[in-house]
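Engineer: Return a 3D structure for these sequence lines:
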Amino acid sequence: MNFLEFMFVPMILLLVVVAPIWITLHYRSLKNSSRVLSDDDREALDEMLESVDRMTDRITNLEAILDADHPDWRNDKETNR
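Structural biologist: Numbering: from 1, shown residues only. This is a model prediction of the structure:
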């Protein structure tokens, strides 16, 4: 028996069994690692949330000013449509 005949069965097992499992686990681990936010992404998300909070406060204040100056401004908007 020469070397090629001896290595035929292990090579077939490697290609049929081990390689597909290895590839599947490799890409599954890449998929799982991409679910975690990086530090830069987390920082950007925190900045956006702060901006949303500031804009919400501004809108609330503007609505309060409009309610004080023009009490029916919400109804006027609906009749202009």
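Engineer: starting at the chain centroid, how far to the lengthiest helix in the chain?
Structural biologist: Taking DSSP state H as the criterion, the chain has its longest helix at helix 39-69. For helix 39-69, the separation from the chain centroid amounts to 22 Å (computed by Cα atoms, centre = their mean, to the nearest Å).
Engineer: looking only at pLDDT, what's the mean for that helix?
Structural biologist: Averaged over helix 39-69, pLDDT sits at 94.
Engineer: and it, which residues are buried?
Structural biologist: Buried residues in helix 39-69, counted by 16 or more other Cβ atoms under 10 Å: none are found. Using the backbone N, CA and C atoms, a C-beta is placed for each residue, glycine as well.
Engineer: name the helices or strands packed onto the host helix or strand of A19?
Structural biologist: With secondary structure defined by DSSP states H and E, A19 is part of helix 19-33. Packing partners of helix 19-33 (3 or more Cβ pairs under 8 Å, 6 or more residues apart in numbering; DSSP states H and E): none among the helices and strands.
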